[in-house]
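In: everything below, folded, please.
(chains A, B, C and D)
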Amino acid sequence: MSTTEVLAAALLLAGGLFYLAGTVGLLRFPDVYSRLHALTKADNLGLLLVCSGLSLLAGSWRAAALLGTIWLLGLLAATVSAHLIARHARARHFNGGEQ
Amino acid sequence: MSSTALYVLVAAGLFGIGVYGLIIASHLLRKLFAINIMGNAIFVLMVAASAPLDGRPDAVPQALVLTGIVIAVSATAFALALMVQLYRVTGQASLEEDPTEDD
Amino acid sequence: MTEALLAALVFLPLLGACLLLLAPSSWRATILLAVTVPLPFCLLPLTLLIADAGLFEMTLAGHPAPLGIRWRLDALSLLILWLNVSLMILVGLAAGARFAPASDVGLRFWPLWLLLAGGIHALLLSADLFNLYVTLELVTLAGIGLIATGGSGAALRAAMRYLLLALMASLLYLLGVGLVYAEAGTLDLYQLGETLEPGLLPATALVLMLAGLLVKSAIFPLHAWLPAAHGNAPGPVSAMLSAIVVKVSLYIIWRLWFWTAGDWQLPAPGLLLGLLGAGAILYGSALALVQKRLKMVVAYSTVAQLGYLMLIFPLSGLLAWQAASYHLIAHGLAKAALFVAAGNILASLGSDRLRRLAGLDQRLPMDVFALALASVSLMGLPPSGGFVGKWLFLRAAYEQNAWGWMALVALGGLLAAAYLFRVLALTCFHPRSHGHSTRLREPPTLASLAGLLLALAAIALGFASAPILALLEAAWPGAMTP
Amino acid sequence: MTDLAVDVLIGAGLLALAWQTIIGKSLFRGIVLFVVFGLTMALAWARMGAPDLALAEAAIGAGVTGALMLVAFRRLVRIRPEQSAQPALRRSRLALPVAVLAGSLVAVIGLAVVAVERDPAVAGQAVAQALTDSGLGNPITGVLLLYRNLDTLLEVAVLLAAFLAARTVFGEDEARSPTPSRREVPLVGALLAIIVPLTILIATHLLLAGSREPGGAFQAGAVLAASGVLLVLAGRLQPAAGLSSWPALGLTLGLMLFSLIGLAVMAFGAPLLALPGLWAVYLIETAMMLSIAMTLVLLFAGASGLRRGSP
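Out: Below is the predicted model of the structure:
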């Protein structure tokens, strides 16, 4: 096993852990806002780690660029959807409904 | 066990689940889930059952399945519109007979 | 040249549907005429060709069969094409009176109508199992969309039930197609006829395809969706559904049975299919006798009459083949006439309950006359087209000493007479005072005329039997494999 | 060994998701699970050596179907709010035995087919041979647009028929009551500014790559539809009642262009639908992509037409 592979495996593993943490947070946290927090923060970092690990394994700049784009798009989607969900939850909260 | 045989078994399981859902579901949306799952089971079977060509999968069943997927979406889209309108007109999103119907 | 004629049959309606969506509303009537009127003139030279050569095949996209798809025209597909084109024109007249092409509801109706026609034409020409699946879906979706134009809760529910069953049926058929491909490596119906050996897997595939198609053609006991769907759709739509849409899936069964599995020798399954037909005739007729609404009587009558088309399997021979094909056409015309007339009556009375029909012959003479004439053909009285079909069935059964089937055909005719006379007796022989004297909206003359013309065509078919039977004889697959 | 383990995991996931979709308590969850099921299906297709199907399943099977189901559910809720609480399952003693029987039958049939050693299919071999002369690299695009293109043409007709059939039952209130003017969320505008051009780029890539690599008009059309759906959700496009000329052209473009080119070649002595070259393939695929996208967006909007909303 080369150094790159070891490094890649470590990155993938770390990414997986972040995903796991995010998912546990999603299931265990008490309200919408903290769940969103857990999900977006942990998963964005997890995705970055997984993408970096995969780029190392792929070993080409083209693949790395594509994976980077995937990460950026993931960030964008997570940002906007987290924002929308939080906004919706807050609107419902002020209208007297529970979440 | 080979992967092909595995996917054949998965297809069989999906088909069974679809049939089960079709019988026990009364809400039309659920019936549509069930039919789409059955459809996927048959698509998997069609691709898995074809013999490979020089180690590559046969392109014909894949093309047929691609056509099948688009047709399934078309039919589902119509069924959904029909369901909404049925609900609007009769207040029911299921096919349970309403006793005043007909004569 | 012939290729162009076949292409026109399929592509004129398809392009017409597109143009209807694009053109200004005042052009729509012209577009409809422009894509419908040429169709019989496309069929005329094709008829001469088939009478002469018996068969015409064409390769699509320049790729011959296992790779590409081919079209194949023979006497059977030609006759059903004639049926569909006649219905498009005559039922179209009735529909035109009801769904004005320039109106908003016309824009909902006519593009689907043309897609339905294009789908039926493509289905009748196609020689490829998977292509048949695609055309079947086109026919089904367009047909159910037309039912839904009815708009009432009952129509919507019937459309939904039909759609769900049709989707399941398509999946069964598709599974069969997948198995056939895995087994034989080709999808061409006629190539399969040469290469597919009887065996467990091909038999399973055949059973799956048949099961799906039997649901789609509403053969007893898989008919449950039909009466509600055909009874609640607008009149012209019911006419098309009963007269042709259910028949085209039965047509595929015939193709599979006599061409793809032509030399398999299947007497026992054939008998089973025949028994289903017998069940359809008895059950459908019995229920037609007890219906309270005119359109439901006609719809159950369709369930019964479809049963005759299954008798071809146990009787299997030239005569039964001619009988079934003839019956298919004759029933198509008569049933379309019945539904158009019933639709007119429903539209003018606001109801088609049988007890409201008393004395109607005085008030809607043309529609009642159409009803009576179509009934003559449906009962199988001479000299109608229906008579020729039933007579041929009787002869086919007699030649094989199949007394049971003879009795069934005779009994079926009697039952048809019973449920139709029940309607006619009410409309013609009951004094008007028994009926509710509600105000009546005259149906458009064109719609009544369309019903009458369809009924006349059903009768006239009885006089044109010789050339049609000769055409059919040439197309009988049994003649090719002695 | 790892390969098989991955397949087992995907297969088990598919079965579990399907089961939960069917028997889960709430309809909304059912839809979400159905979408996840579709995405897992896409993984399964990729594993089975069918990347074209994986793309199609992700974009059409999961994406489009899921979006249509969600919007249909929202309409149900709007008519009467207690949808997801409705008892949606009924008891049936027959259900389990029938389902097990059906599943076992399919298993037996499928395993029997797989167990028999067979030569590669005649049609499949013919495709492989013909493909080398065609200039296309993707055999599936070859089958769909060169060899069995009548299927594809009629499939576009089926999509049009489905839209027209749905149109006969669209309630007009979608179009009559415009989306209540919410204050637009600032982030959504920014998202649209990035996503819409990007989706167009991706759709174009899928379309062009479809001749060599996985991809094609249907996948591209579904991706393009996604940006249309976003525009509808954001209120930039709003449902309109009548069928105006632009949407109508979009709806019919694919079927018309395909038919007209297919017919026109007959004038030059070629067989019906024998496309004259790769340029025709690209042209038809572009038209089909636009038609597919337009049809799907209209189905999503539940209306016959679209108009520009106030930004």
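In: ramachandran coordinates for residue 60?
Out: Went with chain A since none was named. Main-chain dihedrals, A:S60, degrees, to the nearest 10: phi -130, psi 150.
In: chain C is the one I meant
Out: Phi and psi for C:L60, reported as degrees, to the nearest 10, are phi -90, psi 150.
In: right, and it touches D:L273 too?
Out: Yes: counting by C-beta atoms under 8 Å, C:L60 touches D:L273, with 5.2 Å between them. From N, CA and C alone the C-beta is placed, and that goes for glycine too.
In: so what sits against both of those two?
Out: D:N149, D:L150 (C-beta atoms under 8 Å, 6 or more residues apart in numbering or on different chains).
In: can you pull the pLDDT of the residue of the stretch 251-400 of chain C found nearest chain D?
Out: Closest contact between the stretch 251-400 of chain C and chain D, by C-beta to the nearest C-beta, is at C:I252 (15.1 Å). According to the predicted model, the pLDDT of C:I252 comes to 97.
In: helices and strands around the helix or strand where it lies, which ones?
Out: Using DSSP states H and E, C:I252 sits within helix C:246-255. Contacts defined by 3 or more C-beta pairs under 8 Å, 6 or more residues apart in numbering or on different chains; DSSP states H and E place helix C:246-255 against helix C:75-98, helix C:104-125, helix C:129-148, helix C:200-216, helix C:294-308, helix C:318-349.
In: at 6 Å instead, please
Out: helix C:200-216 (3 or more C-beta pairs under 6 Å, 6 or more residues apart in numbering or on different chains; DSSP states H and E).
In: which parts of the helix it packs on are buried?
Out: Using 16 or more other C-beta atoms under 10 Å in any protein chain shown as the test for burial, helix C:200-216 gives C:201-202, C:204-206, C:208-216.
In: stretch D:17-34 too?
Out: The neighbour-count check on stretch D:17-34 (16+ other C-beta under 10 Å) flags D:17-24, D:27-28, D:30-34 as buried.
In: what mean pLDDT does it have?
Out: 91.
In: now that stretch - C-alpha only, PDB.
Out: Provided in PDB are the C-alpha atoms of stretch D:17-34 (Å, rounded to 0.1, in the frame of the first residue of the first chain):
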ATOM      1  CA  LEU D  17     -36.700   0.900   1.100                       C
ATOM      2  CA  ALA D  18     -39.400  -0.700  -1.100                       C
ATOM      3  CA  TRP D  19     -41.000  -2.300   2.000                       C
ATOM      4  CA  GLN D  20     -40.900   0.800   4.000                       C
ATOM      5  CA  THR D  21     -42.400   2.800   1.100                       C
ATOM      6  CA  ILE D  22     -45.300   0.400   0.900                       C
ATOM      7  CA  ILE D  23     -46.100   0.000   4.600                       C
ATOM      8  CA  GLY D  24     -44.800   3.200   6.200                       C
ATOM      9  CA  LYS D  25     -47.300   5.200   8.200                       C
ATOM     10  CA  SER D  26     -47.200   8.500   6.500                       C
ATOM     11  CA  LEU D  27     -47.600   9.200   2.800                       C
ATOM     12  CA  PHE D  28     -45.100  12.000   2.800                       C
ATOM     13  CA  ARG D  29     -42.400   9.700   4.200                       C
ATOM     14  CA  GLY D  30     -43.400   7.200   1.500                       C
ATOM     15  CA  ILE D  31     -42.600   9.700  -1.200                       C
ATOM     16  CA  VAL D  32     -39.300  10.500   0.300                       C
ATOM     17  CA  LEU D  33     -38.400   6.900   0.700                       C
ATOM     18  CA  PHE D  34     -39.500   6.300  -2.900                       C
END
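In: that one and chain A in contact?
Out: No: on the criterion C-beta under 6 Å from any C-beta of the partner chain, stretch D:17-34 is out of touch with chain A, staying 13.4 Å away.
In: which residue is nearest the centroid of chain D?
Out: D:I60 (2.7 Å; C-alpha atoms, centre = their mean).
In: once you drop chain neighbours, what's closest to it?
Out: D:A222 (4.7 Å; C-beta to C-beta, 6 or more residues apart in numbering or on different chains).
In: buried sites along the helix or strand where that neighbour lies?
Out: According to DSSP H and E, D:A222 maps onto helix D:217-233. Neighbour counts over helix D:217-233 (16+ other C-beta under 10 Å) mark D:217-233 as buried.
In: widest-spaced pair of the buried residues of helix C:200-216?
Out: Across these, the longest distance by C-beta to C-beta is 23.1 Å; it joins C:L201 and C:K216.
In: avg pLDDT for stretch C:39-56?
Out: pLDDT averaged over stretch C:39-56 gives 94.
In: what's the burial count for the closest residue to D:L275 other than its chain neighbours?
Out: Spatial nearest neighbour of D:L275, excluding adjacent residues (C-beta to C-beta, 6+ apart): D:V281 at 5.9 Å. When neighbours are counted by other C-beta atoms under 10 Å in any protein chain shown, D:V281 registers 24.
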